[in-house]
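Enquirer: structure, please.
(2 chains)
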Amino acid sequence: MQKACISGIGGYLPLLRLDRKTAARNYAWSGLAMPRKGTRAVADWDEDPVTMAAESARALVATAPAALRFASTSAYFSDRSQAGIVLDYLALPRSVRTTDAANARRAGTSALLDSLLGGADELVTAAEKRVTQAGSAAQLAYGDGAAAVRTGAEGAARLIGHASISHDLVDRYVSRDQPYPYVYEERFIRDIAVAEMFIPAIRAACEAAGIEGSAIAQAACAEPAGGCWRAAAKKLGIAAPNHCERLSDEAGDLGAAHALYGLGLAFAEAKPGDIVLLAGFGSGVDVLLFEVTGAVPGAAAMAAGLAEGRLLGDFLRFLNLSGSVDLDWGMRAEFGLKAQASMMERVGRDITGFIGGRDSHGNVQFPKSAIPVNPAASGPETYEDVRLAEDQARIVSVTADRLTYHPDPPLDYGLVQFDNGARLLMEMVNRPDNGFAVGDRVMMRPRIKSQNRALGFRTYFWKAAPLSRPLLGDN
Amino acid sequence: MASGIKDKVAIIGMGCTRFGERWEASAEDLMVEAFSEALADAGVERERIDAIWVGNALDDINVGNSSLPAAHALRLGQIPVTRVENMCATGTEALRGATYAVAAGAADIALAIGVEKLKDTGYGGLPLKTKGLLNDLWMPYGSAPGNFAQLAGAYCAKYGVDPADLKRAMAHVSWKSHQNGAKSPKAHLRAAIDMDKILNAPLIADPLGLFDCCGVSDGAAAAIVTTPEIARELGIDNPVTIKAIQLAGSNGSEMQFGEWDGASLINTQIAARRAYAEAGISDPRADLSMTEVHDCFSVTELAVMEDLGLSDPGRAPMDILDGRYDADGAIPCQLDGGLKCFGHPVGASGLRMAYEVYNQLLERAGERQRANVKFGLTHNLGGAPYNNIAAVSILGRKD
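Expert: Residues are numbered from 1 along each chain as shown, chains lettered A, B, ... in the order given. Sure thing, here's the model as predicted:
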């Protein structure tokens, strides 16, 4: 087998976590069955698979990959490449090849396997923000999040075996006419998935790697129903913990990103020499086996990220954020901004990549203008590109606006000052308990800028956020 | 600096509608109402008006774009009509256009009229509109209270002011304007309000509460201007004249360059300096008898007191709490209730400010009348603290 490795891994979970027990309590009157253990990650209104994929990958692009893959079953656009938007978010060259994978929760592992088998230096991203119906078990079982993997010929985790099985098991589906997951009986799913997919695929992958199942030290197995891993592992003599179970408990099932985020957790626990199993499920399975030779960059941060977050105690707010209720926000909400393609063509790379310009006197500004804002400038100039996305800034002025329409009020915004001279008015997200204050340091996060529901379009930019997040245990 | 327009143009007539929820009146009705009062006040025949400058900031709400709605409403023949728009500074911009036309000799008698019909928006506050296709891709979509609320935190940070102390000073600003508005027959809000109610009002944009914010109104205001010579021919020997009209606009520096601290209004400082120079005022604290400033929000008025040079930097909260700008204070501000209580039909507000100063100068302000008014200043602000147009005018009697 051609040498194929993982050189880095990244993940992203939204700040908010819904306590399932609290949520289930709101449904107690109904008698509906739903998970009550742990928490689920909840995306802000302005986060989607594109923004979360970009978040998960931002630490993996010190150099440009040859290709960028994006996998999701909940991508917003169906005729616009999400990978292309992520490419702009990461300010990667347009020569980077982009592909989008979809239509199965397995898309994340399939994209990773394809990348590894190709042997090239690639970036694989997977992200999910799935819409669920209020009252469904999926609403509390699912979570929002993303993961990214950098592949190449060198890296701390080497692919040593793999196997895939394609199997059109309809354990659940989402379609154009059925926007919410339609889920079949769990016991049926578990029996078929274990017997027909997990066991044979894991066995085949071990054979390809020349190892026994007992050699597997860590696992990241995305399960269509609880107990699949335990049943398969028992049959195959595998004692490894499944880190996707912990991920499900603490952040929810991340769909196409689930196994990849779980892989990061598994890498964080792995010691040099460990064999790590990755299994993605959905209309079949992909099983990949890695030999870990050292610390995988990014894995520890993913484990740390799982422990961070802010508990979301307001169940109605969760329903609003997850699109399960359609609140009447009044006439102000009727207004919709329309983005023009020609404008986006002119400035889109600067906007999505958060690229300002350095003028001939050294000042950085955003956005660029024909004549620099610097009073030293006396006429039109061309600028040197300066990316602001990875820089910190300081809040000069701020408010929490409760009058303007905002999908998750209030709107925090204000003037921020970058250390390189750039300053601009920005929206702020991940509001601290005591709100934002003048002088606070902020970092930049990719977010949806505007959502025009009538036209079915959204634009993307960046928003300022606190530098750190609270630990869930401190909430 | 240019020689300026001091005493080159006289205001010979003004009109102002009642501001408020004028459900019964169209924009056309409001223009006719304000114009009719101004025409009667000036005592000239309508045929003598050579040109019109109409100010309307939000043409998508009722009035319609271009100068034609005013031309249709006033039916003054085919005279030149120019529509101007400079956000909330639109009213003063209309007066500036008409004034310059007279000063230049392009018109003997010109009309400035501002109008807005905001209560047809369907909700409180300003109507929503695009900020331009490029800006829409990155700029936050905050409300006007949100934009100006940011002054408060920045001010506290700059001067080490306790936010609770600033809140009390802001509340005093609103309390004072409600006291004054109660004495203005044409004001939108005519109820005095106690401090506790102001301080405990729901937040609109932190830290601005409901009573820290002006509402929006329907209304129109108009001024008829001419030369002092023509005024004299009309029997007005000592007319109100324009001592200065100055404008300063952001070039983007506050929000894109430099170290502006967010606690002041730079263009207001610049426009005021130019206006004082144009009017020959060296000590505004001594020379100004009154001000009508753009109190869209209480914190705006607070900051503007410093930007106009009437309070020392960092001292405005104390001066406000000391009553310096109350109706019986040293330099009363918003004798008519200001935007806060007289109302804010955007395109008309600058002319409404001039209307109060004009009436005070002519000693016909009723129970609001101050003694010995010599110079009155208007300050009209369009935009947000970080990106705005400041218009400052000074009116007095012809020397």
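
Enquirer: and the gap between residue A:400 and residue A:434?
Expert: 11 Å (Cβ to Cβ, to the nearest Å). C-beta here means a position set from N, CA and C on the backbone, and glycine is covered the same way.

Enquirer: which of these two has more neighbours?
Expert: Ranked by neighbour count (other Cβ atoms under 10 Å in any protein chain shown), residue A:400 and residue A:434 place residue A:400 first, with 22 against 6.

Enquirer: return the list of helices and strands in contact with the host helix or strand of the more buried one.
Expert: Using DSSP states H and E, residue A:400 sits in strand A:393-401. With contacts taken as 3 or more Cβ pairs under 8 Å, 6 or more residues apart in numbering or on different chains; DSSP states H and E, strand A:393-401 sits against strand A:411-418, strand A:423-428, strand A:441-452, helix B:144-159, strand B:203-205.

Enquirer: need these in a markdown table with mean neighbour count, can you?
Expert: Formatted as a markdown table, the helices and strands packed on strand A:393-401 follow (neighbours: other Cβ atoms under 10 Å in any protein chain shown):
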| stretch | mean neighbour count |
| --- | --- |
| strand A:411-418 | 25 |
| strand A:423-428 | 24 |
| strand A:441-452 | 20 |
| helix B:144-159 | 25 |
| strand B:203-205 | 24 |
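
Enquirer: so which of the ones you listed gets nearest residue B:322?
Expert: helix B:144-159 (16.5 Å; Cβ to Cβ).

Enquirer: what about residue A:242, neighbour count?
Expert: 25.

Enquirer: just the pLDDT for it.
Expert: pLDDT recorded at residue A:242 is 98.

Enquirer: looking at it, it is touching residue A:219, isn't it?
Expert: Yes - counting by Cβ atoms under 8 Å, residue A:219 is a contact partner of residue A:242 at 4.7 Å.

Enquirer: where do the contact lists of the two overlap?
Expert: Counting by Cβ atoms under 8 Å, 6 or more residues apart in numbering or on different chains, the shared contacts of residue A:242 and residue A:219 are A:229, A:233.

Enquirer: who's in contact with the residue of chain B most remote from its centre?
Expert: Distance from the C-alpha centroid of chain B, by Cα atoms, centre = their mean, peaks at residue B:137 (31.2 Å). For residue B:137, the contacting residues are A:339, A:343, A:344, A:347, A:348, A:351, A:449, A:459, A:461, by Cβ under 8 Å, 6+ apart.

Enquirer: now residue B:348: how far from chain A?
Expert: Distance of residue B:348 to chain A, given as Cβ to the nearest Cβ, to the nearest Å: 22 Å.

Enquirer: could you export the strand holding residue A:400 as CSV, CA atoms only?
Expert: Extracted C-alpha coordinates of strand A:393-401, given in CSV (Å, rounded to 0.1, in the frame of the first residue of the first chain):
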residue,chain,number,x,y,z
ALA,A,393,-8.3,42.7,18.0
ARG,A,394,-9.5,44.9,20.9
ILE,A,395,-13.0,46.3,21.4
VAL,A,396,-13.2,50.1,21.1
SER,A,397,-16.9,50.4,21.5
VAL,A,398,-19.8,47.9,21.9
THR,A,399,-23.4,47.5,22.6
ALA,A,400,-26.1,44.8,22.9
ASP,A,401,-28.7,45.9,20.5
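
Enquirer: what's the mean pLDDT across it?
Expert: 98.

Enquirer: angle of it against helix B:144-159?
Expert: 130 degrees (axes from the mean of the first three to the mean of the last three Cα atoms, to 10 degrees).

Enquirer: what ranges do the strands span in chain B?
Expert: B:10-16, B:51-55, B:81-84, B:109-117, B:203-205, B:208-209, B:218-226, B:240-249, B:288-292, B:375-384, B:387-397 (DSSP state E).

Enquirer: who wins for proximity to chain A among the ones you listed?
Expert: strand B:203-205 (4.5 Å; Cβ to the nearest Cβ).

Enquirer: so who does the nearest residue to residue A:21 once chain neighbours are set aside touch?
Expert: In space, not counting the residues next to it along the chain, residue A:21 is nearest to residue A:36; the distance is 5.0 Å by Cβ to Cβ, 6 or more residues apart in numbering or on different chains. Listed by Cβ under 8 Å, 6+ apart, the contact set of residue A:36 reads A:20, A:21, A:24.

Enquirer: rewinding a little: what angle separates the strand holding residue A:400 from strand A:423-428?
Expert: Using the same axes, to 10 degrees: strand A:393-401 against strand A:423-428 is 50 degrees.

Enquirer: how far does strand A:393-401 sit from its chain's centre?
Expert: 27 Å (Cα atoms, centre = their mean, to the nearest Å).

Enquirer: same question, stretch A:59-71
Expert: The chain centre lies 14 Å from the centre of stretch A:59-71; the measure is Cα atoms, centre = their mean.

Enquirer: end to end, how far does it reach?
Expert: 18 Å (Cα to Cα, to the nearest Å).

Enquirer: got the residues of the stretch 201-350 of chain B near chain A?
Expert: B:203-206, B:208, B:251-253, B:255-258, B:260-262 (Cβ under 8 Å from any Cβ of the partner chain).

Enquirer: for ChimeraX, what selects the buried ones among those residues?
Expert: For the buried members of these, the matching ChimeraX selection, counting by 16 or more other Cβ atoms under 10 Å in any protein chain shown, is:
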select /B:203,204,205,206,208,253,255,256,257,258,260,261,262
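
Enquirer: of the residues of the stretch 201-350 of chain B next to chain A, just say which sits nearest to residue A:469.
Expert: residue B:206 (22.2 Å).
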